[in-house]
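In: One predicted model, sequence on top.
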Amino acid sequence: MKILLLGKNGQVGWELQRALAPLGTVVALDRGGADGLCGDLEDLDGLDRTVRKLVPDVIVNAAAYTAVDKAETDANRAHRINAEAPGALATAASALGALLVHYSTDYVFDGGGDRAWREDSPTGPLSVYGRTKLAGEEAIRASGCRHLIFRTSWVYGARGGNFARTMLRLASERDRLTVIADQIGAPTGADLIADVSAHAIRACLATPERCGTYHLVASGETSWHGYAGFVIETARELGVALKVEEVAAIASRDYPSAAVRPLNSRLDTARLRDTFGLHLPDWRDGVARMLREVLS
C-alpha cells in the first residue's frame, strides 16, 4: 500500500510518519516537496499532479493554515489552504478511488452551551479559521470520495512549541501568571491522533462503511487554567524549579484576541470509540508523558 502524507513536519504529521509506517510505503512531503513532488497546499495544480503521479491508496492531509488570529486579516490564503486544497485533494482521491484522511477542528462550532458536540451537531464557526476549516470539510464530503475527517482540539506534541512549554517558560520567569479559565476542552496529543488515525485507516480500507466524520480528542476535560496548573504541578513533581507562586484565573474577555475562540470545545467521541472499538486515555496521561519526555 502507498500512502501520501502532506504536512510531515507539523506536530501531527511528524507522529504520522511513525504511525503510518507499518501500513505501507509512506511518501511524506512538507511544503517544499521533494523529487519533483508538490506538498504545498497553495499549489492546487501541483497537488493534483503529485497525486496522479504517485497514485496512492491513501492520502493523509496533516497540513493546514493554523494561525487563528492572523487568518482574520489573511482570509484568502486561509481559505486556499484550509478549504480549496482539501477540495482539490478530495477530487483527485475520488478519481483514483483513494481514501482521503483530513483533520478538522472544534472551531467549526460556536462554542455555546456546556454539552459535548456530536458529529451531527449544528455548526456555527465564529472565526475565519473556523469557517475555512468547515468549508474544507464540506468540499470533501461533496466530492464523493471515501474519507475520514477527524475533528480534534487543543493539540500538542513533544516536538516543537506548545502551550505546556510556554507555561513552563513563563513559570520560570514570573511570580504570577494569568490564564483563561472559561474555555473548556481536552488537551490531545499528536501521538494519540496519529495512532488512532492509523487504526481507523486500516479498518476503513477493510470496511469502507466505517468512513465518515469523527471526533478525536483525549478523554476528560479542563480549562486552559486547569491545564496550566497541571503542567506546573507535574513539572515540580519531576524536580523542575519554577519561580511562579500564583496562577490566576481570568475570563476570555480579559484576554482579547483578533479571532473569537469557542468557550465550549468539548467533543463527544462516542461514535469513534464505538465504531473502531477504541479506548481514549485521559488527557492527563498524555500530558504527563509528554512532560516526562521534554523535561528528561
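Out: All right, it came through fine.
In: Mind telling me what element the nearest residue to residue 80 once chain neighbours are set aside is part of?
Out: Excluding the flanking residues, the one nearest residue 80 by C-beta to C-beta, 6 or more residues apart in numbering is residue 42, at 5.5 Å. C-betas here are computed from N, CA, C, even on glycine. Secondary structure from DSSP states H and E places residue 42 outside every helix and strand.
In: my guess is residue 42 contacts residue 81, does it?
Out: Yes. Judged on C-beta atoms under 8 Å, residue 42 makes contact with residue 81 at a distance of 6.2 Å.
In: Roughly how far does residue 268 sit from residue 194?
Out: Noted for residue 268: a distance of 21 Å to residue 194, by C-beta to C-beta, to the nearest Å.
In: Looking at these two, which is more packed in?
Out: The neighbour count for residue 268 versus residue 194, taken as other C-beta atoms under 10 Å, is higher for residue 194 (23 against 16).
In: Assumed that one was part of a helix.
Out: Yes. Counting by DSSP: H, G, I helix; E, B strand; the rest coil, residue 194 is found in a helix.
In: I figured it hits residue 22, correct?
Out: No. The criterion here is C-beta under 8 Å, and residue 194 misses it with residue 22 at 11.8 Å.
In: who has more neighbours, residue 42 and residue 81?
Out: With neighbours defined as other C-beta under 10 Å, residue 42 and residue 81 compare such that residue 81 has more, 22 against 14.
In: Count residues in the vicinity of the spatially closest residue to the more buried one that is not a sequence neighbour, would you?
Out: Spatial nearest neighbour of residue 81, chain neighbours left out: residue 65 (4.1 Å); criterion: C-beta to C-beta, 6+ apart. By other C-beta under 10 Å, the residues close to residue 65 number 24.
In: ranges for the helices of the stretch 51-200 of the chain?
Out: Using DSSP state H, counting those that start in this stretch, the helices found in the stretch 51-200 of the chain span residues 75-79, 85-96, 128-143, 163-173, 190-206.
In: Look up how far residue 119 lies from the residue nearest to residue 81.
Out: Counting by C-beta to C-beta - residue 65 and residue 119 are separated by 23 Å.
In: Spell out, range by range, the strands that occur in the stretch 151-296 of the chain.
Out: 155-156, 176-180, 184-185, 188-189, 212-215, 222-223, 246-250 (DSSP state E, counting those that start in this stretch).
In: same for the fourth one, what does it pack against?
Out: In this structure, strand 188-189 makes packing contacts with strand 155-156, helix 283-295, judged by 3 or more C-beta pairs under 8 Å, 6 or more residues apart in numbering; DSSP states H and E.
In: Could the C-alpha coordinates of the last one be exported in PDB?
Out: As requested, the backbone C-alpha atoms of helix 283-295 are provided in PDB (Å, rounded to 0.1, in the frame of the first residue of the first chain):
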ATOM      1  CA  TRP A 283      -5.800  14.000  28.800                       C
ATOM      2  CA  ARG A 284      -3.600  14.000  31.900                       C
ATOM      3  CA  ASP A 285      -2.000  10.700  30.900                       C
ATOM      4  CA  GLY A 286      -0.800  12.100  27.600                       C
ATOM      5  CA  VAL A 287       0.300  15.500  29.000                       C
ATOM      6  CA  ALA A 288       2.300  13.900  31.900                       C
ATOM      7  CA  ARG A 289       4.000  11.500  29.400                       C
ATOM      8  CA  MET A 290       4.900  14.500  27.100                       C
ATOM      9  CA  LEU A 291       6.300  16.400  30.100                       C
ATOM     10  CA  ARG A 292       8.500  13.500  31.200                       C
ATOM     11  CA  GLU A 293       9.800  13.300  27.600                       C
ATOM     12  CA  VAL A 294      10.600  17.000  27.200                       C
ATOM     13  CA  LEU A 295      11.900  17.500  30.700                       C
END
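In: between it and helix 190-206, how many degrees?
Out: Interaxial angle of helix 283-295 relative to helix 190-206 (axes from the mean of the first three to the mean of the last three C-alpha atoms, to 10 degrees): 120 degrees.
In: Would you mind pulling the contact partners of helix 283-295?
Out: 156-158, 164-165, 186-189, 191-192, 217-222, 227, 230-231, 234-235, 238, 240 (C-beta atoms under 8 Å, 6 or more residues apart in numbering).
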